[in-house]
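1. need coordinates for the following:
(2 chains)
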Number of protein chains: 2
Amino acid sequence: MDYDVCIIGAGWAGFNAARAAAKLGKKACIAEYREIGGTCLNRGCIPTKAFVHYSKIGFSLGDIRKKKDEVVGRLRDGMSYLVKSNKIDYFKGRALVKKDGSVSIGTDNIKPKYILLAAGSSPKDLPNIKIDHKKIISSDDMLSLDAVPKKLLVVGGGVIGCEFASIFARLGSDVTIVEITGQLLPGVDSQVSKKLLSAFQKTGITVLLGKGAQDLDLNSFDKVLLSVGRGAVIDGLWEDGVGIKVDKGFIAVDRGLKTAIPNIFAAGDCIGGYMLAHVASYEGELAVNNMFEKQEKRDYSVIPSSVFTAPEIGSVGLSEEEAKHFGASYKASSVHFLSVGMSHIFGDTQGFAKVIVDTKSGKILGATIIGLQATELVNIFSVLIKNNITIFELKKTIFAHPSVSEIVAEVAKQAL
Amino acid sequence: MDYDVCIIGAGWAGFNAARAAAKLGKKACIAEYREIGGTCLNRGCIPTKAFVHYSKIGFSLGDIRKKKDEVVGRLRDGMSYLVKSNKIDYFKGRALVKKDGSVSIGTDNIKPKYILLAAGSSPKDLPNIKIDHKKIISSDDMLSLDAVPKKLLVVGGGVIGCEFASIFARLGSDVTIVEITGQLLPGVDSQVSKKLLSAFQKTGITVLLGKGAQDLDLNSFDKVLLSVGRGAVIDGLWEDGVGIKVDKGFIAVDRGLKTAIPNIFAAGDCIGGYMLAHVASYEGELAVNNMFEKQEKRDYSVIPSSVFTAPEIGSVGLSEEEAKHFGASYKASSVHFLSVGMSHIFGDTQGFAKVIVDTKSGKILGATIIGLQATELVNIFSVLIKNNITIFELKKTIFAHPSVSEIVAEVAKQAL
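-> Predicted structure coming up:
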């Protein structure tokens, strides 16, 4: 079979790349040796959010896992259906890119016009602490625990660490987070990070900042979650001499997502950067478009990001620290959820939305929300920022009452 | 005391008008004879949504009423605080506009530069069926019932009727809705209305379309909710000879919200039209701006509206029927909630989002959503439509994964 493109990896990047190829009328195949859906569906976003939701409504760990498996199973079926209905061929097995430009998957050997590497990422060890999947565990292992650990140490206070800390504190674990930098969620607006810190402390989570795992006695914990970052899955992906370049452990690509080899592109976690499912999806589509249509450079200026802690966090664009760093003439304004009727109805009024506005143009530079539905509200700001809607235009937009989203309109009233 | 503006009614229109006046540095007073917050806070949006939320999570009627009172009380306190902190004088009592241009409230008599009539609306009777607050009751009465009616007849399948039908069916009433037109929620996209009809029927609600209350034996019901529209509160609002004009029961105003008297404006439910809190708020602010700043005409082109039934509905812009009626060259596309990961996690995959796009320009003409968080999602479409963001621009906007809002991105992928 002649393929226009062979995609290695059926995660968010690969799957959406294949759909984009099909939309362009190109013949695509995907090679995947694990389950369809990659990290996001099987070991990342979806299972974690199922853990968040079902732990909130009081399910036991066993029932949460059951629900999680159900949801993941249903979504895998949906993806498989879309693969078939888009006439994308699916190869189950490990793919190897060969020197002659072909791809071998088990006994199959195909020679596609283009190759997309979208093999994803996996949890990293620390130099002195290795994941043994027993006591020292990864986020993957967290999702299949048989019992709630009595004492849980989370090493790394990034998104993954904070989400699991929040979930397992709710399930009854005595949780300690140790984070090497000076704040939880490094990079997030510091005011929001402080709010999360105090919320965590109120729920009994111990947070140790500016410290590493080596400062602690690991013997005093039942489980240690290592959430210190993820590395690209590249081992055994291509033969020696193919010529693909690697930079700091990730596949090196140009602004159009092309590797050092003209007909080999890469997308998703294996090229590093944001390592978010929606960015992987964007990159997968962009790579395919760049293979067959005119070149477009990747643009990461407006990438929303979500953290499913309690309270939730959503952010997009610049944080106040970044605005300051870039020397923007900005005004930061915050509106508390207390001023939104719907928050009172839901009985959840903690947190706030903070927006950074350019004082000259009224352009919205960034927004961070901590509190009720923050991971949904961030999308409204994504639409606003991406499409250059100023705060003056936002003031004229009517929001439905009552809704949690009214906080966006309140922010507009107060900014400038 | 000299007032720049005297506002009659402390509902959504009056309250936001007063805040707008304070922002312009004008001295404002409000006259109100009932509680602060008007229909929306005391007898409308907020109590109803408290009923929706707490009935969903299994509270008894008594506990729902308690929670409702708590929430309403807290929000009243918030509004009273804002009245004080904005230095707005508050008169408790019935206001009367006099021929000499003054306003009397009990023993107080003031002569303001401008008057804003924002006295709101109240439930209407039918010619042959009158509300007696015992068996034949209004939406106000529904919020203070002591027991769940065994057999409830809802006369009128508009927003209020459908919301109460949904709530009381969940609380255990045997509910019948009778609606004189051919569909539930007249004016809403007919495909969405049909979806609501089938959801209602599945939960055991009897829906009689094309019929009136006169076709039924009222004796076979314990309570009859009359939800057949609302009329302006204007009786006794001004002396004979003031010269304010009334049109079909509502105060007549021009495009700038001025009545027949140059220094008397009106806003909110008492002028008719949408009769929504967020429209009242918009009109209140606009009226005050038009008193003191340059004239601006009211613009109802992008008004979102929400229905808190199960499933929820949100709509903004044109329905498909309206697009057809106006002769637009449009494409209608729908995306089912089944294609959104987050819906599977929440275990609520019924419903869809439907968008009407101009096939020439890619302009979004309208959107209707039925299903999970529809009353929030409608705000994203409100932002898109109001700010003329085309479907092509929307395609380039990245949404956070996983989120319910991703359905908006999916709609963009499928439209055009």
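2. the stretch 1-150 of chain A: helices as residue ranges?
-> A:12-23, A:38-42, A:45-56, A:61-85, A:139-142 (DSSP state H, counting those that start in this stretch).
3. can you name the residues that contact the spatially most central residue of chain A?
-> The centroid of chain A falls nearest to A:L276 when counting by C-alpha atoms, centre = their mean (3.0 Å). Contacts for A:L276 were tallied using C-beta atoms under 8 Å, 6 or more residues apart in numbering or on different chains; they are A:I303, A:S305, B:A400, B:H401. For glycine as for every other residue, the C-beta is placed from the backbone atoms N, C-alpha and C.
4. ok, which residues in the stretch 251-400 of chain A are in contact with chain B?
-> Contact residues (C-beta under 8 Å from any C-beta of the partner chain) of the stretch 251-400 of chain A with chain B: A:276-279, A:281-282, A:302-306, A:314, A:338-339, A:341-342, A:344-346, A:373, A:375-376, A:378-380, A:382-384, A:386-387, A:389, A:393-394, A:396-400.
5. point out the residues in the stretch 51-200 of chain A that sit beside chain B.
-> Near chain B, when you scan the stretch 51-200 of chain A using C-beta under 8 Å from any C-beta, you find A:H53, A:V71, A:R74, A:L75, A:G78.
6. let's see it at 6 Å
-> Neighbours of chain B within the stretch 51-200 of chain A, by C-beta under 6 Å from any C-beta of the partner chain: A:H53, A:V71, A:R74, A:L75.
7. wait, doesn't the first one sit right on B:S343?
-> No - applying C-beta atoms under 6 Å as the test, A:H53 and B:S343 come out as separate, 11.4 Å apart.
8. make a markdown table out of the contacts of A:L276 and add secondary structure, neighbour count and distance to B:T176.
-> Below are the contacts of A:L276 laid out as a markdown table (DSSP: H, G, I helix; E, B strand; the rest coil; neighbours: other C-beta atoms under 10 Å in any protein chain shown; distance: C-beta to C-beta, whole Å):
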| residue | secondary structure | neighbour count | distance to B:T176 |
| --- | --- | --- | --- |
| A:I303 | coil | 19 | 51 |
| A:S305 | strand | 22 | 48 |
| B:A400 | coil | 26 | 43 |
| B:H401 | coil | 27 | 43 |
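9. from those, which two are the most distant?
-> A:I303 and B:H401 (11.0 Å; C-beta to C-beta).
10. quick revisit: list only buried entries from the residues of the stretch 251-400 of chain A next to chain B.
-> A:276-279, A:281-282, A:302-306, A:314, A:339, A:341-342, A:344-346, A:373, A:375-376, A:378-380, A:382-384, A:386-387, A:389, A:393-394, A:397-400 (16 or more other C-beta atoms under 10 Å in any protein chain shown).
11. in helices, which of the residues you listed appear?
-> A:277-279, A:281-282, A:341-342, A:344-346, A:375-376, A:378-380, A:382-384, A:386, A:393-394 (DSSP state H).
12. would you map out the domains in chain A?
-> Using automatic domain parsing, the domain parsing of chain A gives A:5-123+A:230-292, A:136-226, A:305-414.
13. span of the longest one from start to end?
-> Terminal residues of domain A:5-123+A:230-292 are spaced 10 Å apart (C-alpha to C-alpha, to the nearest Å).
14. how about the shortest one?
-> In domain A:136-226, first residue to last residue: 7 Å (C-alpha to C-alpha).
15. before we move on, the earlier item: most packed of the domains of chain A?
-> domain A:305-414 (a mean of 22; mean count of other C-beta atoms under 10 Å in any protein chain shown).
16. quick one: mean pLDDT over it.
-> Per-residue pLDDT over domain A:305-414 has a mean of 97.
17. chain center to that domain, what's the gap?
-> 20 Å (C-alpha atoms, centre = their mean, to the nearest Å).
18. repeat that for stretch A:174-194.
-> 17 Å.
19. please report how far A:D222 lies from chain B.
-> 28 Å (C-beta to the nearest C-beta, to the nearest Å).
20. if I pick that residue, what's in contact with it?
-> Residues counted as contacts of A:D222 (C-beta atoms under 6 Å, 6 or more residues apart in numbering or on different chains) are A:P149, A:K150, A:K151.
21. give the bridge partners for the last one, please.
-> Which is A:K151. A:D174 (DSSP bridges).
22. report the contact partners of it.
-> A:D174, A:F221, A:D222.
23. what's the last one sitting at in phi/psi?
-> The main-chain torsion angles of A:D222 are listed as degrees, to the nearest 10 and equal phi -80, psi -40.
24. sorry, back to before: export the helices of the stretch 1-150 of chain A to CSV and tack on mean pLDDT?
-> Listed next are the helices of the stretch 1-150 of chain A as CSV, based on pLDDT from 0 to 100:
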stretch, mean pLDDT
helix A:12-23, 97
helix A:38-42, 97
helix A:45-56, 97
helix A:61-85, 97
helix A:139-142, 98
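25. and of the ones you listed, who's closest to B:S361?
-> helix A:12-23 (21.9 Å).
26. show residues contacting that closest one.
-> For helix A:12-23, with C-beta under 6 Å, 6+ apart as the criterion, the contacting residues are A:5, A:7, A:28, A:30, A:38, A:40, A:86, A:88, A:116, A:118, A:267-268, A:277, A:280-281, A:283-285, A:287-288.
27. run the chain-centre distance for it.
-> 18 Å.
28. that one to helix A:61-85, inter-axis angle?
-> 30 degrees (axes from the mean of the first three to the mean of the last three C-alpha atoms, to 10 degrees).
29. quick check: the residue of the stretch 51-200 of chain A nearest chain B.
-> Closest approach between the stretch 51-200 of chain A and chain B, counting by C-beta to the nearest C-beta: A:V71, at 4.8 Å.
30. that residue and B:M342 touch, don't they?
-> No - with contacts counted by C-beta under 6 Å, A:V71 stays clear of B:M342, the gap being 10.0 Å.
31. strands of the stretch 151-300 of chain A, start to end?
-> Assigned by DSSP state E, counting those that start in this stretch, the stretch 151-300 of chain A shows strands spanning A:151-155, A:174-179, A:206-209, A:223-226, A:230-232, A:246-247, A:250-251, A:264-266.
32. just put those in TSV and tack on mean pLDDT.
-> Listed next are those as TSV, based on pLDDT from 0 to 100:
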stretch	mean pLDDT
strand A:151-155	98
strand A:174-179	98
strand A:206-209	98
strand A:223-226	98
strand A:230-232	97
strand A:246-247	98
strand A:250-251	98
strand A:264-266	98
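33. out of these, which is closest to A:P47?
-> strand A:223-226 (14.6 Å).
34. contacts for that closest one?
-> A:I131, A:I136, A:I137, A:M142, A:P149, A:L152, A:L153, A:V154, A:V155, A:F164, A:L218.
35. which among those residues gets closest to B:V97?
-> Nearest member of the contacts of strand A:223-226 to B:V97, counting by C-beta to C-beta, is A:F164, at 63.1 Å.
36. not counting sequence-adjacent ones, nearest residue to A:V408?
-> A:I380 (5.3 Å; C-beta to C-beta, 6 or more residues apart in numbering or on different chains).
37. over to A:L218?
-> Closest to A:L218 by C-beta to C-beta, 6+ apart is A:V224, at 5.7 Å.
38. now the one you found: how far from A:V154?
-> 8 Å (C-beta to C-beta, to the nearest Å).
39. cool, A:F250 as well?
-> A:F250 is 25 Å from A:V154, by C-beta to C-beta.
40. rewinding a little: I'd say the residue nearest to A:V408 and A:A409 touch.
-> No - using C-beta under 6 Å, A:I380 and A:A409 do not qualify as a contacting pair, with a distance of 9.9 Å.
41. what's in contact with stretch A:88-95?
-> Outside stretch A:88-95, the residues touching it (C-beta under 6 Å, 6+ apart) are A:I8, A:A18, A:A22, A:A28, A:C29, A:I30, A:A31, A:Y33, A:V83, A:V103, A:I105, A:G106.
42. then stretch A:252-261?
-> A:G243, A:I244, A:K245, A:F265, A:A266, A:A267, A:I271, A:A287, A:N290, A:Q295, A:K297, A:R298.
43. what do you get for stretch A:111-120?
-> With C-beta under 6 Å, 6+ apart, stretch A:111-120 has contacts from A:3-9, A:11, A:13-14, A:17, A:38-39, A:102, A:233, A:237, A:251, A:263-270, A:287, A:291.
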